[in-house]
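Undergrad: Using only what follows, build the 3D model:
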Amino acid sequence: MHAIVVSAQGGPEVLEYAERPDPVPGDGELVVDVAASGVNFIDIYHRSGAYPLPLPAVIGSEGAGVVSAVGPGVSGVAVGDTVAWANVLGSYADKAVVPADRAVPVPGGVPADLAAAAMLQGMTAHYLTHSTHEVREGDKVLVHAGAGGMGQLLIQLAKLRGATVYATVSTDEKEKLARAAGADEVLRYDTFADALSGTVDVVYDGVGAATFDGGLRALRPRGLMALYGAASGPVPPLDPQVLNRSGSLFLTRPTLVHYVAERDELLWRASDLFGWLTSGQLRIEVSHRYPLREARRAHEDLAGRRTTGKLLLVP
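TA: Modelled structure (predicted):
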């Protein structure tokens, strides 16, 4: 098979399209013929060393495909089933080894590539709007990078729960995408903090350093900052007294792995997403599909903010 291998951490140039032995499933594992792999900022963090990995490593954390082999001790999954997963390293490949307890069955009405696009970002948007801050009717929600894959999902899920949603974008073209996702008001990064000062219940911030201080200003007293990423760079250390002076604010740095630790929770989030996709209540814009061998270009485009919506690698 072929896979994208990182042997030394660094820029996109370290991504190598290489041959690897076909995998064999161990106890409790599946081998899946990958239909599509999602491209996410966590992949950039793994590649660059921001999140260190033992090397060499096949990167990629999200995908979907058809089960081609089942290891000992696995029940409830058979060869030929379509499954999807997130937080499983090694997904940038023709074939992936997936722990059976992390594999989610994909219903017949959801194409495998759409299932791959939904898993990591979709379940992240789910836990942020249903658990980190349980969005309620009438809440005021701020979503940064509203035209991106995560931003569009957050806007849609917050609207499903009855919120008024404000989104930030950098261009007129991206404003159209955020509005199409359902944003009630779309702001530029240099004006949102003044426009929303002290009014929003929750800020969903995957941008990080460039938006963090302004997001704190936008929050109402006892509002919540959910910092789930750092696309513009990490946030500097924060004196907790800032949260006090700003209105007894709450700050959390959540991550998906802790919100799908139990299989029941994993299945709940994935089932909700697949249900909304089949009913038409949720739309995922797959804006770019790259051949697996072009993973470097996908990383360059994502980091360079040249994309909107979801990016996929297709073997």
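Undergrad: Pick out the residue nearest the middle of the protein.
TA: Centroid-nearest residue in the chain: Q121, 2.5 Å away (criterion: CA atoms, centre = their mean).
Undergrad: sec struct for P107, please.
TA: With DSSP: H, G, I helix; E, B strand; the rest coil as the basis, P107 sits in coil.
Undergrad: and it, what is it in contact with?
TA: Shown in contact with P107 (CB atoms under 8 Å, 6 or more residues apart in numbering): 274, 278. To be clear about C-beta, it is placed using only N, CA and C from the backbone, and glycine gets the same treatment.
Undergrad: cool, and L267?
TA: Residues near L267 by CB under 8 Å, 6+ apart: V104.
Undergrad: In a helix, it, correct?
TA: Yes: with three-state DSSP as the criterion, L267 is located in a helix.
Undergrad: what's the helix or strand for the residue nearest to the centre of the chain?
TA: Taking DSSP states H and E as the definition, Q121 sits inside helix 112-127.
Undergrad: which other helices and strands contact that helix?
TA: If you count contacts as 3 or more CB pairs under 8 Å, 6 or more residues apart in numbering; DSSP states H and E, helix 112-127 packs onto strand 29-39, strand 62-70, strand 82-86, helix 149-160, helix 263-279, strand 286-291, strand 310-314.
Undergrad: after that helix comes which helix or strand?
TA: strand 140-143.
Undergrad: got the contact list for that next one?
TA: Identification of contacts with strand 140-143 by CB under 8 Å, 6+ apart yields 135, 151, 154-155, 158, 163-168, 178, 183, 192, 196, 199-204, 215, 218, 220.
Undergrad: since we're on G71, how many residues are nearby?
TA: The local packing of G71 (other CB atoms under 10 Å) involves 17 other residues.
Undergrad: pretty sure it is touching P23, no?
TA: No: at 10.2 Å, G71 and P23 do not qualify as touching, with contact defined as CB atoms under 8 Å.
Undergrad: Give the intersection of the neighbour lists for those two.
TA: Residues touching both G71 and P23 (CB under 8 Å, 6+ apart): V31.
Undergrad: Just the C-alphas of stretch 107-116, formatted as PDB.
TA: Output of stretch 107-116 as PDB, limited to C-alpha atoms (Å, rounded to 0.1, in the frame of the first residue of the first chain):
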ATOM      1  CA  PRO A 107     -25.500   4.200   7.600                       C
ATOM      2  CA  GLY A 108     -26.400   3.400   4.100                       C
ATOM      3  CA  GLY A 109     -27.600   6.900   3.300                       C
ATOM      4  CA  VAL A 110     -24.200   8.500   4.000                       C
ATOM      5  CA  PRO A 111     -21.400   8.200   1.400                       C
ATOM      6  CA  ALA A 112     -18.100   7.100   2.800                       C
ATOM      7  CA  ASP A 113     -16.300  10.300   1.800                       C
ATOM      8  CA  LEU A 114     -19.000  12.400   3.500                       C
ATOM      9  CA  ALA A 115     -18.600  10.200   6.600                       C
ATOM     10  CA  ALA A 116     -14.900  10.900   6.600                       C
END
